[in-house]
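*Asks:* This is a predicted model, with the sequence first.
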Amino acid sequence: MSPIAPITVVSLAVVLTVTLPIPSRADSSDDFAANLGTEMPELLELYDVPGTVIAHIADGDVAWTKAYGLADSSRGIPMSPDMLFEFGSCGKVLTAWATMRLVEEGAIELDAPVNRYLKRWQLESTKFEADEVTVRRLLTHTGGLNMHGYLDYSPRRVNPPDLVRSLESMHLLDGLADTVLEGDLSFGNVEVVQEPGTGYRYSGAGFAILQMLIEDVSGESFDGFVQNEITDPLGATSLRWAWTPELAARAPTPYGEENQPLEYRQLTMHGIGSEIGTVTDFARFVAAAVTGPNGEPPGRGVLRPDTVETMITSWPEARSDEGFEQGLGYGLGRLNGALSLSHGGANTGWMALFIIDTARREGFVVASASNRAEPLHSTIFDLWIEATYGPGGRSEWSPVPRIGPLSTLLIVIASLLTLILAFGLFRFSRDLRAGRRKWAGRPNWRSWWRALPWALAWLFGWYTVYSSFPLYLPPWYPDLWPTIGSRVLMLTLTAGFGFSLMRAFFPQEEKTVR
């Protein structure tokens, strides 16, 4: 997950759970399709998103799936409805369904300490009682855990951490993101940083622990358990949790927030949201929470209706003053007085959103291979509201800034280095004019060594960001993606290396001592 993405997911969920006192309409599916057909070309251009896919749910089933724009902007490949996407944190609801399967089987209890079921690792706390972190509290983000989210890894990565190692350590950028989002800088274990049960605190780590619980209790891999017990029985057969060359061949090119093409990166924490599938299949899963078109009960035989009812009941500990409510995995709200279920997701190069009105049994899923897609998805939500309930006024959603926070940081670093270089170049030019530096024909080795730090910094930046070679990096170190800032920094490092070489061939003349 991107270090900036988690806050957008939560804020968008708040937007989607407001009460909208507006009338309903009978022909919403056709109206929604018509609105999209008219406005999507302009919206894709406005928000600088190459393409997107949307599935509409009506009468508790997938009514249609439509694709807009391009899957690869450089090659002009059109987006297709059957392409594969990552849905990010929307998959936390899948993890919740898998957990509730174990509850139904009697293998775990919702209000039991999660530590009771963990075999490979135990949650510890020096400030609060770890046994107060129950399964239910992890599902509702009221366990008081740190670690808002986790970064994903380049496919070039040789040693990505396993689940236990991920829970015991974190990336530098994860720590900085937690500082910005939660005011809590942590670089070690997952910790209980707030008294469990005293309020909502979004934690990706909580769902990573639920992944471990599912594996330790079931004896299966998380991917295999969810596929066998949840997605395949629901007909969502395309869903997988790890990229392969075959899956990547069926997917659009993912783009970063600066519209740069990215790799198919991989989360090691599948339970927090690494699922890959078609938008149609993910919409089938979303629709399974309500009654089907032929009277199929909520849960569709995978979960009991009363279990689904428990999941979509607002949990008092998680209610916020901003109107946000939380069920077990689901974000809850009110649309036209009816209960709505929603969640957003964002991984590096991917964004997704779903919402469903449980009374009308109507909603949509949208997915884009772009980190610039949040305002686009919010506008699509507005279009769906108009089609479903009638005009209610649209919000103005500003495009994502083209230069992101990571780029800004690197540009600041490059600017400081440029100032140092400019001062050095000024002194070098002054010495040349005064005759204190002359062409030596061969490098002065003392000056040559000054070029070495610039060369090493350039090689390190190239290796971690641009190289196609395997990445041998410590587990805590983030392998980064290209940005405008990384290009500026690499140019600055190149200039610094070149300037150091020039100084080596024009050494300063030794002063003669008499």
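*Replies:* Thanks, I have it.

*Asks:* so where's this protein uncertain?
*Replies:* Per-residue confidence for the chain (pLDDT under 70) gives these ranges: 1-29, 172, 175-188, 321-323, 510-514.

*Asks:* What helices and strands are in contact with the helix ranked longest in it?
*Replies:* Ranked by residue count, the top helix of the chain under DSSP state H comes out as helix 405-433. Based on contacts counted as 3 or more Cβ pairs under 8 Å, 6 or more residues apart in numbering; DSSP states H and E, the elements that helix 405-433 packs against are helix 484-505. For glycine as for every other residue, the C-beta is placed from the backbone atoms N, C-alpha and C.

*Asks:* can you rerun that using 10 Å?
*Replies:* If you count contacts as 3 or more Cβ pairs under 10 Å, 6 or more residues apart in numbering; DSSP states H and E, helix 405-433 packs onto helix 172-182, helix 445-461, helix 484-505.

*Asks:* With distance to Ala107 and mean neighbour count added, can I get these in TSV?
*Replies:* Output for these, formatted as TSV (distance: least, Cβ to Cβ, whole Å; neighbours: other Cβ atoms under 10 Å):
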stretch	distance to Ala107	mean neighbour count
helix 172-182	31	18
helix 445-461	48	15
helix 484-505	47	19
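
*Asks:* Hmm, Tyr68 and Gly37 touching each other?
*Replies:* Yes. Here Gly37 lies in contact with Tyr68, judged by Cβ atoms under 10 Å, at a distance of 8.6 Å.

*Asks:* who has more neighbours, the two?
*Replies:* Under the neighbour definition other Cβ atoms under 10 Å, Gly37 and Tyr68 were set side by side, and Tyr68 has more, 24 against 11.

*Asks:* What helix or strand is the closest residue to that one other than its chain neighbours located in?
*Replies:* Once its chain neighbours are removed from consideration, Tyr68 has its nearest residue in Met40; the separation is 4.3 Å (Cβ to Cβ, 6 or more residues apart in numbering). Using DSSP states H and E, the element containing Met40 is helix 28-47.

*Asks:* other SSEs contacting that helix?
*Replies:* If you count contacts as 3+ Cβ pairs under 10 Å, 6+ apart, helix 28-47 packs onto strand 51-58, strand 61-72, strand 362-368, helix 374-389.

*Asks:* now do 7 Å
*Replies:* Helices and strands touching helix 28-47, by 3 or more Cβ pairs under 7 Å, 6 or more residues apart in numbering; DSSP states H and E, are strand 51-58, strand 61-72, helix 374-389.

*Asks:* which one of the ones you listed has the most crowded surroundings?
*Replies:* Among these, the stretch with the highest mean neighbour count (mean count of other Cβ atoms under 10 Å) is strand 51-58, at a mean of 25.

*Asks:* Quick check: can you name the pairing partners of that strand and their directions?
*Replies:* Sheet partners assigned to strand 51-58 using DSSP bridges are listed as strand 61-72 (antiparallel), strand 362-368 (antiparallel).

*Asks:* Distance from that strand to the middle of the chain?
*Replies:* The chain centroid and the centroid of strand 51-58 are separated by 20 Å, computed with Cα atoms, centre = their mean, to the nearest Å.

*Asks:* can you pull the alpha-carbon coordinates of it into CSV?
*Replies:* Extracted C-alpha coordinates of strand 51-58, given in CSV (Å, rounded to 0.1, in the frame of the first residue of the first chain):
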residue,chain,number,x,y,z
GLY,A,51,-8.9,4.1,-17.9
THR,A,52,-11.4,2.5,-15.5
VAL,A,53,-13.9,-0.4,-15.2
ILE,A,54,-17.2,-0.2,-13.5
ALA,A,55,-19.7,-2.9,-12.6
HIS,A,56,-23.2,-2.0,-11.6
ILE,A,57,-25.2,-4.1,-9.1
ALA,A,58,-29.0,-4.1,-9.4
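
*Asks:* which residues are in contact with that strand?
*Replies:* Outside of strand 51-58, the residues that reach it under the criterion Cβ atoms under 7 Å, 6 or more residues apart in numbering are 29, 32, 36, 44, 62-71, 79, 81, 83, 85, 252, 279-280, 283, 286-287, 356, 362-368, 373, 376, 380.

*Asks:* got the angle for it vs helix 28-47?
*Replies:* Using axes from the mean of the first three to the mean of the last three Cα atoms, to 10 degrees, the interaxial angle of strand 51-58 with respect to helix 28-47 works out to 160 degrees.

*Asks:* Quick check, central residue of this structure?
*Replies:* Centroid check for the chain by Cα atoms, centre = their mean gives Asn347 as the closest residue, at 2.4 Å.

*Asks:* just to revisit the earlier point, buried residues, the longest helix of the chain. List them.
*Replies:* For helix 405-433, burial by neighbour count (16 or more other Cβ atoms under 10 Å) applies to Pro405, Leu406, Ser407, Leu410, Ile411, Ala414, Leu417, Thr418, Leu421, Phe428, Asp431.

*Asks:* does the second one really touch Ile484, like I thought?
*Replies:* No. Here Leu406 lies out of contact with Ile484, judged by Cβ atoms under 7 Å, at a distance of 9.5 Å.

*Asks:* Would you quantify the distance from Gly485 to Arg265?
*Replies:* Gly485 sits 19 Å away from Arg265, taking Cβ to Cβ, to the nearest Å as the criterion.

*Asks:* With Glu124 instead?
*Replies:* Distance from Glu124 to Arg265, by Cβ to Cβ: 30 Å.
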